[in-house]
Structures are given as C-alpha cells and as structure tokens.
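Chemist: no sequence on this one, just coordinates:
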C-alpha cells in the first residue's frame, strides 16, 4: 500500500506514526495489487464540541475508490474510528464482488488469494442495483462557464449539497460540494 499522509494543525510523533502503520496493516491484509491510500489528519475546534481530531482516508485501486471520515477526541481515537469504517467498506466490497463472481461462474477457491480483494473485477449491473438502487430520474440543464465562487453561490441558492459546473478558468467540468465541517470541496476530474 502506497500511503500519503497530510496533516493540518497537528504534528505526528513516532508513536503516532507507528500506530497509524499498525492500523493500516489491518486494512492492507485485505487488499492486493497496486493500492494508493491517502490519510488526512486535522485538528479542529468548535464551540459545541470543543477540540477534536478528524481522520479522512481514501483508498484507490484499479478504478475503485473507498472513503471514510471519522472524528475522535485524539488522533488514536480518530484512527480507530476511520479504520473501522474502512474495514467495513472493504468487507462489504469484498462480499459484493464475491457474490457477483459466484453468480457469474463456478468459482474454485484460491488458497493464496482467498480473503483478499481484487478491485479489478467487474461488478454486474444487477448487483449494483440490488445493493444501492437505480437511477430513477435524469436531468439536463444548460451549463454556462463560471468561476468557483459563482458556483458556490448557485449551489447555496438552490439549497443543494453539490453543484456541477464548467470552470471558467480550466474549461473543465467540476463539482463543488459542501463538506461536513461547513467548508467547500472541489472535485476536478482527471483522465486515468
């Protein structure tokens, strides 16, 4: 697993780094192949909840992305919580892939790879619909190029959590979204 760690308002000591490695080893045993992982750690202070540490983890492999975000009173509690979330996501993904493989063909267990995830498997459409639901509405709307700040205003006026727009600076299509911490995030697609 290729891990990148980003921190904001928090410093990592050797004990914290060892704890993070220990937690990621737990996840790594379920994964195989080339896996990129990103861990963002930040310390925030709010009036209602006081000081807390936010841990956000993203795992990307073979076109699939798993993401989890959790908060804790300290770095260790936040890492425990986000690792639990990611472990559940990996297990759910593994179960879904396993079910679709069994439905598609008779599968003989491979003792070497049993218990690991191969994120390169294709998932049949009916398995996705059964797990998550289906598209029941499609919308089209004219899209004029705009600045990021204008897209935020449009999103807030529509009272949406996200807004798709054409970025006037890059001429690419972006998504602006409202984060749980009250700030905004910007998604800029890249060809892979």
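Modeler: That came through, no problem. Note that this is a predicted model, so its numbers are computed, not measured.

Chemist: how about the nearest residue to residue 27 once chain neighbours are set aside, phi and psi?
Modeler: For residue 27, ignoring the flanking residues on the chain, the nearest one in space by Cβ to Cβ, 6 or more residues apart in numbering is residue 86 at 5.7 Å. Yep, even glycine has a C-beta here, placed from its N, CA and C like the rest. Torsion angles at residue 86 (phi, psi; degrees, to the nearest 10) stand at phi -70, psi -40.

Chemist: what's the burial count for residue 86?
Modeler: Other residues within reach of residue 86, judged by other Cβ atoms under 10 Å, total 25.

Chemist: just checking, it touches residue 70?
Modeler: No - here residue 86 does not reach residue 70: they are 9.4 Å apart, not a contact under Cβ atoms under 8 Å.

Chemist: returning to that earlier point: contact partners for the residue nearest to residue 27?
Modeler: Residue 86 makes contacts with 27, 57, 59, 66, 68, as judged by Cβ atoms under 8 Å, 6 or more residues apart in numbering.

Chemist: For the residue nearest in space to the middle of the chain, name its beta-bridge partners.
Modeler: Nearest to the geometric centre of the chain sits residue 67, at 2.1 Å (Cα atoms, centre = their mean). Beta-bridge pairing for residue 67 (DSSP bridges): residue 58.

Chemist: next one: residue 187
Modeler: For residue 187, the beta-bridge partners under DSSP bridges are residue 175.

Chemist: Got the confidence number for it?
Modeler: If you check residue 187, the pLDDT there is 96.

Chemist: Just give the number of residues close to it.
Modeler: The number of residues packed around residue 187, counting by other Cβ under 10 Å, is 11.

Chemist: check contacts around it.
Modeler: 174, 175, 176, 177.

Chemist: ok, the residues you listed vs residue 157, which is closest?
Modeler: Of all those, residue 157 sits closest to residue 176, with 12.7 Å by Cβ to Cβ.

Chemist: In the helix or strand where residue 166 lies, which residues are buried?
Modeler: Assessed by DSSP states H and E, residue 166 sits inside strand 162-167. Buried positions in strand 162-167, judged by neighbour count with 16 or more other Cβ atoms under 10 Å: 163, 165, 167.

Chemist: Fine, thanks again, bye for now.
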